[in-house]
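Novice: Below: sequence and its predicted model.
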Amino acid sequence: MTPTDRKYTKEHEWLIIEGNQVKIGITDHAQESLGEIVFVELPGVDDEFEIGDSFATVESVKAASSIYTVAKGKVVEINERLDAEPEAINENAYENYLVVIEFSELDESKLLSAAEYEEFVKSEA
């Protein structure tokens with residue numbers, strides 16, 4: 001089941017927005033599609049991104065996938081656990097975020113509710 005405490009994108013990312021910070025990860029659907037995740041390349045703290053920029057790469061035994069941001073801002077935290085344990089995303093995609101970005105702008109037109117995201121995933125199948 002898709003958690004309802006966050007927003008989603010059609011690029012299969014989840015976002016938890018708290019004030020001017022957004023925690024970003026990939027959805028369970030994304031990790032299932034990728035398969036066994038073997039490497040995660042994250043940005044550095046203080047790296048800055050524009051809306052639409054690729055900020056991370058998730059690599060699996062099948063493919064590498066760029067992760068894009070709907071937020072303009074600066075990385076204030078990364079999930080360092082993923083350096084040693086990238087497979088943690090496979091174990092629980094919704095508990096293992098990639099980054100936290102302090103944003104000055106957020107493209108809310110790209111955000112979906114959990115129900116909207118589930119419908120989108122069904123329509124892709």
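Specialist: Nice, thanks for sending it over.
Novice: which stretch of helix or strand covers the residue nearest the centre of the chain?
Specialist: Among the residues of the chain, the one closest to the centroid is G25, at 2.7 Å (C-alpha atoms, centre = their mean). In this assignment (DSSP states H and E), G25 forms part of strand 21-26.
Novice: Against which helices or strands is that strand packed?
Specialist: Applying 3 or more C-beta pairs under 8 Å, 6 or more residues apart in numbering; DSSP states H and E, we find strand 21-26 packed against strand 13-18, strand 64-68, strand 71-78, strand 99-106. The C-beta positions use only the backbone N, C-alpha and C, and glycine is treated the same way.
Novice: what lines up beside that strand in the sheet?
Specialist: strand 13-18 (antiparallel), strand 99-106 (antiparallel) (DSSP bridges).
Novice: Tabulate these (JSON lines), appending distance to D83 and mean neighbour count.
Specialist: JSON lines is the format used below for the strands paired with strand 21-26 (distance: least, C-beta to C-beta, whole Å; neighbours: other C-beta atoms under 10 Å):
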{"stretch": "strand 13-18", "distance to D83": "20", "mean neighbour count": "18"}
{"stretch": "strand 99-106", "distance to D83": "13", "mean neighbour count": "19"}
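Novice: quick one: which of those is nearest E118?
Specialist: strand 13-18 (12.4 Å; C-beta to C-beta).
Novice: Report the rounded mean pLDDT for that closest one.
Specialist: For strand 13-18, the mean per-residue pLDDT is 98.
Novice: tell me the angle of it relative to strand 64-68?
Specialist: Taking axes from the mean of the first three to the mean of the last three C-alpha atoms, to 10 degrees, one finds strand 13-18 and strand 64-68 inclined to each other by 30 degrees.
Novice: Kindly calculate the angle that strand 13-18 makes with strand 71-78.
Specialist: Using the same axes, to 10 degrees: strand 13-18 against strand 71-78 is 90 degrees.
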